[in-house]
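Chemist: I would like to see how this sequence folds:
(one chain, ligands or ions: 1)
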Amino acid sequence: QVKVFIGLGANLDSPQAKLNSAINELAALPETQLVAQSSIYLSPPMGPQDQNDYHNAVVAIQTRLMPLALLDQLQNIENLHGRVRKAQRWGPRTLDLDILLYHDKTIENSRLTIPHYGLEQRIFVLQPLFEIAPELVLPNGKSIKTLLQSIDNQRIQKL
Ligand SMILES: CC1(C)Nc2nc(N)[nH]c(=O)c2N=C1O
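Modeler: Residues are numbered from 1 along each chain as shown. Prediction:
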């Protein structure tokens, strides 16, 4: 089995409850154990500003699920929480589950890009990730600590 980091985000109808419920679903996935979870953080929307602030968290799991099988499970959980894919790119959402890192793998196909493309620039990913894995180094050799230090003017608040 391998260690996988998953990013969670929500900013529509009771986002905190959605995140907690999604974390319970992740812990219950087949061949999977939840090994760590971050605090929940609040941050202004990156992208279109005409939407609510986001609640975000990151969890670490150990799993035997292969990447695409895990992705299918994450999309099930999103759908269970009323995720409706709307036309607007980067619009508000009930629940987003992203595979941030899958062990030390780099994956690039039509359904998956791992490490997650936004990981290095997003405080709402780096901050919770640093909380649960402060020593983490990405497959490209960059450390979470260094990436976090190089981010400025992005606000975030731990709930
Ligand atoms: C719309 C976009 C890019 N902005 C976000 N902004 C924040 N703060 N948190 C998110 O999870 C998030 N997710 C997104 O997909």
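Chemist: how much space separates the residue lying closest to Leu65 once chain neighbours are set aside from the ligand?
Modeler: Nearest non-adjacent residue to Leu65, counting by Cβ to Cβ, 6 or more residues apart in numbering: Glu31, 5.7 Å away. Any C-beta I mention is one placed from the backbone N, CA and C, and that applies to glycine too. Computed as Cβ to the nearest ligand atom, to the nearest Å, the Glu31 to the ligand distance reads 27 Å.
Chemist: run a quick check on Glu31 versus Gln62, I expect a contact.
Modeler: No - applying Cβ atoms under 8 Å as the test, Glu31 and Gln62 come out as separate, 9.2 Å apart.
Chemist: shared neighbours of the two, anything?
Modeler: Shared contacts of Glu31 and Gln62 (Cβ atoms under 8 Å, 6 or more residues apart in numbering): Gln1.
Chemist: re the thing from before, who's in contact with the residue nearest to Leu65?
Modeler: 1, 63-65.
Chemist: and what of Asp96?
Modeler: With contact set as Cβ under 8 Å, 6+ apart, Asp96 has these partners: 7-10, 78, 83.
Chemist: which of those residues fall in strands?
Modeler: In strands, defined here by DSSP state E, the members of the contacts of Asp96 are 7-10.
Chemist: look through this protein and state the residue closest to the ligand.
Modeler: Closest residue of the chain to the ligand, Cβ to the nearest ligand atom: Gly9 (2.8 Å).
Chemist: what's the spacing between the residue nearest to Ile144 when sequence neighbours are not counted and Ile23?
Modeler: The shortest distance from Ile144 to any residue other than its chain neighbours is 4.6 Å, reached at Leu136 (Cβ to Cβ, 6+ apart). Distance from Leu136 to Ile23, counting by Cβ to Cβ, to the nearest Å: 19 Å.
Chemist: all set now, cheers.
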